[in-house]
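In: just coords:
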């Protein structure tokens, strides 16, 4: 069957995460529902994503693939999906790929970014897309700490409960913190991530920067391989999946040109 690749952006606030779950609204579930509606497909249809974002987490360049019984007009499909899920999810790009393409297993790296809104006054237009922190933060310490994460490590200290990964070994390629008031943004690029790993890193950085966490620094917490040694889990709505990198494709550079894809 023809294999279709999609680049998606979505606002995670209205969904209980990516993964299909009975009785709740998820991104995977809504995509499968509207694609079946548009294509009038009666059989089973499964949309596979590059990563399973948590409830409330957003995406600018999520990648997914789905096998369809036959090729259809990509322009119509792109516009229809984006219209039916208007203001919550948009399809940035669609193209036909080899049957062997797998959005999760073929990915070689991903970038996540987490934004903190550091201000006494909470945001209005950024509400639901940033974590508002009004108190004092030692930003220079946070900036110095994040470099300890680069390389291959056991990230058990930042592994969320219920994580089903076989081990906690992951490789981080880039880890940096930037500050342009009032936005404090943590950016991380890795080969793969554990459940809630980025949110747990950010929460730990904040606890270190506020003095709530006084035992050691980020490197020592990492070396303990114990979730109890780390800080809180940051709010989900400050996190974005920015892009997914493949050997010949980066979803962050996707351009919407559906007529050329038909």
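Out: Ah, there it is. Since the model is a prediction, treat every value here as computed from it, not as a measurement.

In: contacting residues for residue 167?
Out: Residue 167 is in contact with residue 154, counting by Cβ atoms under 8 Å, 6 or more residues apart in numbering. Any C-beta I mention is one placed from the backbone N, CA and C, and that applies to glycine too.

In: Where does pLDDT dip in the stretch 151-262 of the chain?
Out: Across the stretch 151-262 of the chain, the ranges flagged by pLDDT under 70 are 254-262.

In: just the strands in it please.
Out: Using DSSP state E, counting those that start in this stretch, the strands of the stretch 151-262 of the chain run over 151-154, 169-180, 183-190, 239-246, 249-250.

In: Okay, domains of this protein per the record?
Out: Following automatic domain parsing, the chain resolves into domains at 3-106+247-261, 109-242.

In: Go through the strands of the stretch 151-262 of the chain and pick out the most buried.
Out: When the strands of the stretch 151-262 of the chain are scored by mean count of other Cβ atoms under 10 Å, the highest mean neighbour count falls to strand 239-246 (a mean of 23).

In: Tell me the strands beside that one, with direction?
Out: strand 58-67 (parallel), strand 109-118 (antiparallel), strand 249-250 (antiparallel) (DSSP bridges).

In: With distance to residue 7 as new columns, can those be given to me in TSV?
Out: Formatted as TSV, the strands paired with strand 239-246 follow (distance: least, Cβ to Cβ, whole Å):
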stretch	distance to residue 7
strand 58-67	6
strand 109-118	13
strand 249-250	9
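
In: Any idea which of those gets closest to residue 86?
Out: strand 58-67 (16.1 Å; Cβ to Cβ).

In: Buried ones in the helix or strand following that closest one, by neighbour count?
Out: Sequence-wise, the next helix or strand downstream of strand 58-67 (DSSP states H and E) is helix 74-84. Applying a neighbour-count criterion of 16 or more other Cβ atoms under 10 Å, one finds 74, 77-78, 80-82, 84 buried in helix 74-84.

In: List just the nearest of those residues to residue 235.
Out: residue 82 (27.2 Å).

In: in the stretch 1-150 of the chain, which spans are strands?
Out: Using DSSP E, counting those that start in this stretch, strands in the stretch 1-150 of the chain cover 3-10, 47-49, 58-67, 89-97, 109-118, 131-133.

In: Now render the ones you listed as CSV, adding mean pLDDT and mean neighbour count.
Out: Below are these laid out as CSV (pLDDT from 0 to 100; neighbours: other Cβ atoms under 10 Å):
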stretch, mean pLDDT, mean neighbour count
strand 3-10, 97, 23
strand 47-49, 97, 19
strand 58-67, 97, 22
strand 89-97, 96, 19
strand 109-118, 98, 22
strand 131-133, 97, 19
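
In: Including distance to residue 34, could those strands go into a markdown table?
Out: Below are the strands of the stretch 1-150 of the chain laid out as a markdown table (distance: least, Cβ to Cβ, whole Å):
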| stretch | distance to residue 34 |
| --- | --- |
| strand 3-10 | 12 |
| strand 47-49 | 10 |
| strand 58-67 | 12 |
| strand 89-97 | 9 |
| strand 109-118 | 25 |
| strand 131-133 | 30 |
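
In: what's the closest of those to residue 176?
Out: Of the strands of the stretch 1-150 of the chain, nearest to residue 176 by Cβ to Cβ is strand 109-118, at 10.1 Å.

In: check contacts around the residue nearest to residue 34 when sequence neighbours are not counted.
Out: Nearest non-adjacent residue to residue 34, counting by Cβ to Cβ, 6 or more residues apart in numbering: residue 84, 4.6 Å away. Neighbouring residues of residue 84 by Cβ under 8 Å, 6+ apart: 34, 37-38.
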